[in-house]
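Participant: Mind looking at a prediction? Sequence and model below.
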Amino acid sequence: MAFGRQRLSVSKNVNDVFFSAATRRRGASSQRRRLLKKKKSFVSSSLYRAVNKSRCDDDDDDDDDFSSRGDSNGSSKVVAAYRALPLDRHRRWSDPSSTKLSSSHSIEGRYVSSETAKKRVERAVVGASRSCASLEDYARRIVYETKCIESKIALTHEAFSRCLRGDIDVETTTTTKEKEEEGKEQQQLPSRPARPDRPNLVDPRAVPSPKKTPLSSHSAHVMHTVAHIELNAIDLAWDTVARFRGLPKAFYLDFARVADDESRHLSWCLQRLEELGHEYGDMDAHDMLWLGCFESRGDKLDRMCVVPMAQEARGLDAGPRLREKLVGRGDNRSAAIVERITKEELNHVAVGVHWFREMCAREENIERGNEEELGKRFLSAVERCAPDVLRGPFAHEEREKAGMAREWYDLSFNRELHSRLEMMVKMEEANSSE
């Protein structure tokens, strides 16, 4: 989810900043080898069969389903690789060197802050298992009925795991009449998610800056900020599952998996906050992320643009800078958490881009590959629902990997001029090497 502070005004003078990805390129080969090894071991697993069975069933059930054809910018390839990854159970951030956490404060490898919280989480999981018959049921319960953030985390993992095992379906089985009534209820979902009493939500301008943080360290300030973002990300992903009906099963599975990722991210942040002597709620926060979700509640295309393609994409932009600042202050442990979260955000952005392109082609008759019209649709949604999120500097290379054309979000970009400049740079490099 998006890192960095929100602004109240739209920046129209976007700088033409070329994002350096040299740090990520180092070690890319070894990372690819690890991923290939994981994928090979995953092919024969029951989880892999369950995921693919669900998608095959979905294709058979609906002749009017969205096309699974890839797009020219690669989001479909990223999403396909993302779907093929095994379920990540790395829910505690372990470090053999030192940790202040008690090993008793965990449930099946999940971090919990205390024995009291552990009991509360266990009750929430048992209660949901008895009353939730689908991902949709879990989504509603997690977003709108669960205030405890550790219970949100546990229920998210439980919901996604149960769906992949085949214990629950994506949608609740209903009659035609019940579906009509349900459609009316979708528009009447609560305007606010269930949240803990803390932190106090304030105007974005009133959120303390890192220099004026009320917490004990810069690292604690960063981890609290990221924790707040990840909590919002869980609710945003599940609200997408709960609110929009009539889409392919793969859509709901994709966003349930995003929620599962965000839950791991939040667990790591809460764990690190405790190690730094703080807990979530110790600092004021803003509500701009949920506001963007609420403003896009009436249109699934708007939701794709605002949440994964704008808010999540901010994480690609700001994550590396946050990591560098933490490393510069000697906090490699927090920096590693931020780096891991940032890498995983690429998949989440790609999921949004993939479904945005599919919906535009099927529902708005925008020809595949028509980047100009796609860009106009994206900008229209962002300007209406979350204008403050579209500001640089941008991680152009990472956004392109996720399938986002630069013309969509960089208001100062001229592709023809950019191509000429790139050619000039290459010629200069070639001349200098002679």
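Facilitator: Happy to help now that I have it.
Participant: Tell me, how many residues neighbour Leu266?
Facilitator: The criterion is other C-beta atoms under 10 Å. On that basis, Leu266 has 28 neighbouring residues. (Each C-beta comes from the backbone N, C-alpha and C, glycine too.)
Participant: Phi and psi next, for the nearest residue to it once chain neighbours are set aside.
Facilitator: Leaving out its chain neighbours, the residue that sits closest to Leu266 by C-beta to C-beta, 6 or more residues apart in numbering is Glu230, at 3.9 Å. According to degrees, to the nearest 10, the main-chain angles of Glu230 amount to phi -70, psi -30.
Participant: Glu230 against Asp261, yeah?
Facilitator: No - contact between Glu230 and Asp261 fails when scored by C-beta atoms under 8 Å: they sit 9.3 Å apart.
Participant: and the lengthiest helix in the chain, which residues are buried?
Facilitator: In the chain, ranked by residue count with DSSP state H as the criterion, the top helix is helix 332-363. Of the residues in helix 332-363, those buried under the neighbour-count criterion (16 or more other C-beta atoms under 10 Å) are 333-342, 344-361.
Participant: just stretch 77-87 next, same as before
Facilitator: In terms of neighbour count (16+ other C-beta under 10 Å), stretch 77-87 has its buried residues at Val78, Val79, Tyr82, Arg83.
Participant: sorry, back to before: what's the average pLDDT for the longest helix of the chain?
Facilitator: Here the mean pLDDT over helix 332-363 is 97, rounded to a whole number.
Participant: what's downstream of it, the next helix or strand?
Facilitator: Scanning the chain past helix 332-363 towards its C-terminal end, the next helix or strand to appear is helix 371-385 (assignment: DSSP states H and E).
Participant: Test my guess that Ser263 contacts Ile153.
Facilitator: Yes - with the criterion set as C-beta under 8 Å, Ser263 and Ile153 qualify as a contacting pair; they are 4.4 Å apart.
Participant: Common neighbours of these two, please.
Facilitator: Taking C-beta atoms under 8 Å, 6 or more residues apart in numbering as the contact criterion, the common neighbours of Ser263 and Ile153 are Ile234.
Participant: Per-residue pLDDT of the closest residue to Ala206 other than its chain neighbours, please?
Facilitator: If the residues on either side of it in the chain are set aside, Ala206 comes closest to Asp284, at 6.6 Å by C-beta to C-beta, 6+ apart. Model confidence at Asp284, expressed as pLDDT, equals 98.
Participant: Who are the contact partners of Asp284?
Facilitator: For Asp284, the residues meeting the contact criterion (C-beta under 8 Å, 6+ apart) are Pro199, Asn200, Leu201, Val202, Ala206, Val207, Pro208.
Participant: possible to save those residues as TSV with neighbour count?
Facilitator: What follows is those, written out as TSV (neighbours: other C-beta atoms under 10 Å):
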residue	neighbour count
Pro199	19
Asn200	10
Leu201	15
Val202	13
Ala206	10
Val207	19
Pro208	16
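Participant: Determine which two of those are furthest apart.
Facilitator: Taking C-beta to C-beta, the two most distant members of the contacts of Asp284 are Leu201 and Pro208; they sit 13.4 Å apart.
Participant: Could you tell me how many residues sit around Glu367?
Facilitator: Glu367: 9 surrounding residues under other C-beta under 10 Å.
Participant: Next, the contact list for it, please.
Facilitator: Contacts for Glu367 (C-beta under 8 Å, 6+ apart) come out as Ala361, Glu373.
Participant: Kindly report the same for the one 4 residues further on.
Facilitator: By C-beta under 8 Å, 6+ apart, the contact list for Glu371 reads Ala405, Glu407, Trp408.
Participant: where are the low-confidence patches of the stretch 251-400 of the chain?
Facilitator: Segments of the stretch 251-400 of the chain classed as low confidence (criterion: pLDDT under 70) are not present in this model.
Participant: Ok, the stretch 101-250 of the chain next?
Facilitator: Segments of the stretch 101-250 of the chain classed as low confidence (criterion: pLDDT under 70) are 101-110, 173-187.
Participant: Strands along this protein, start to end?
Facilitator: Chain-ordered strands for the chain, with DSSP state E as the definition, fall at 106-107, 110-111.
Participant: about what we covered before: looking at the contacts of Glu371, which is nearest Tyr252?
Facilitator: For Tyr252, the closest of these turns out to be Trp408, at 25.3 Å, with distances computed as C-beta to C-beta.
Participant: Name only those of the contacts of Glu371 that count as buried.
Facilitator: So, by 16+ other C-beta under 10 Å, the buried ones in the contacts of Glu371 are Ala405, Glu407, Trp408.
Participant: Same list (those residues) but as a markdown table, adding pLDDT.
Facilitator: What follows is those, written out as a markdown table (pLDDT from 0 to 100):
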| residue | pLDDT |
| --- | --- |
| Ala405 | 93 |
| Glu407 | 90 |
| Trp408 | 93 |
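Participant: mind listing what His228 touches?
Facilitator: Taking C-beta under 8 Å, 6+ apart, we find His228 in contact with Pro199, Tyr280, Ala285.
Participant: Just want the phi and psi numbers for the first one.
Facilitator: In terms of degrees, to the nearest 10, the main-chain angles of Pro199 are phi -80, psi 170.
Participant: hang on, it packs against Asp282?
Facilitator: Yes - contact criterion C-beta under 8 Å: Pro199 and Asp282 qualify, at 7.4 Å.
Participant: Count residues in the vicinity of the residue lying closest to Arg272 once chain neighbours are set aside, would you?
Facilitator: Nearest-residue entry for Arg272: Met223, 5.0 Å, with adjacent residues in sequence omitted and distances by C-beta to C-beta, 6+ apart. Taking other C-beta under 10 Å as the neighbour definition, Met223 ends up with a count of 28.
Participant: out of the buried ones among the contacts of Glu371, which one sits closest to Ser219?
Facilitator: Comparing every one of the buried ones among the contacts of Glu371 with Ser219 (C-beta to C-beta), the shortest separation belongs to Trp408, at 34.1 Å.
Participant: Could you measure from the closest residue to the closest one other than its chain neighbours over to Ser191?
Facilitator: With sequence-adjacent residues excluded and distances taken as C-beta to C-beta, 6+ apart, Trp408 is closest to Gly375, at 4.1 Å. Taking C-beta to C-beta, to the nearest Å as the criterion, Gly375 is separated from Ser191 by 31 Å.
Participant: Right, I'll call it a day here.
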